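Engineer: Build me a model from this:
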Amino acid sequence: MSFHPAKRLDVLNGSLGVFQAEGPSAGWQTVNASEVVSKQELYSFFRELARPFDPNRLPAPPTPEEMQQLFSAAGKYEYWLAPSDENAAIGIDVSN
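Structural biologist: Down below sits the predicted model:
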């Protein structure tokens, strides 16, 4: 993935699954490599949560402060953080 401040999210390799709750495209949609998702808020959301990445180490579990940052960012951008049962209903397993 490549994030661009100019209101674009480019999927450079692989694909990205996106769930839309309502509207004519409701359900899971797949964005494939070289397609573009236009949404400044999505870029800003991920930028707020980003942390340095070391390819030689597994990422540490999020700290309580990082989880609070996720909750705050989700509220700011009006993103829904669904409970386990709602995630399971659309095929997301968050038990691990």
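
Engineer: CA atoms for contacts and neighbours, from now on please.
Structural biologist: Noted.

Engineer: Quick one: classify the residue lying closest to residue 48 once chain neighbours are set aside as helix, strand or coil.
Structural biologist: Spatial nearest neighbour of residue 48, chain neighbours left out: residue 73 (7.2 Å); criterion: C-alpha to C-alpha, 6 or more residues apart in numbering. Assigned with DSSP: H, G, I helix; E, B strand; the rest coil, residue 73 falls in the helix class.

Engineer: Tell me who's in contact with residue 73.
Structural biologist: Applying C-alpha atoms under 8 Å, 6 or more residues apart in numbering, we find residue 73 in contact with 45, 48-49.

Engineer: Could you pick out which of these are located in helices?
Structural biologist: 45, 48-49 (DSSP state H).

Engineer: Quick check on those residues: which are buried?
Structural biologist: Listed as buried from the ones in helices among the contacts of residue 73 are residue 45; burial here means 16 or more other C-alpha atoms under 10 Å.

Engineer: Can you show me the helices along this structure?
Structural biologist: 40-49, 64-76, 84-89.

Engineer: Looking at the ones you listed, which one is packed in the most?
Structural biologist: helix 40-49 (a mean of 15; mean count of other C-alpha atoms under 10 Å).

Engineer: helices or strands up against it?
Structural biologist: For helix 40-49, the packing partners by 3 or more C-alpha pairs under 8 Å, 6 or more residues apart in numbering; DSSP states H and E come out as strand 8-10, helix 64-76.

Engineer: and the ones you listed as TSV, adding mean pLDDT and distance to residue 85?
Structural biologist: Converted to TSV, those look like this (pLDDT from 0 to 100; distance: least, C-alpha to C-alpha, whole Å):
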stretch	mean pLDDT	distance to residue 85
strand 8-10	51	29
helix 64-76	91	18
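
Engineer: would you list these in JSON lines and tack on distance to residue 82?
Structural biologist: Shown next, in JSON lines, are the helices and strands packed on helix 40-49 (distance: least, C-alpha to C-alpha, whole Å):
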{"stretch": "strand 8-10", "distance to residue 82": "23"}
{"stretch": "helix 64-76", "distance to residue 82": "11"}
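
Engineer: Nearest approach to residue 26 belongs to which of the helices of the chain?
Structural biologist: Ranking the helices of the chain by their distance to residue 26 (criterion: C-alpha to C-alpha) puts helix 84-89 first, at 14.0 Å.
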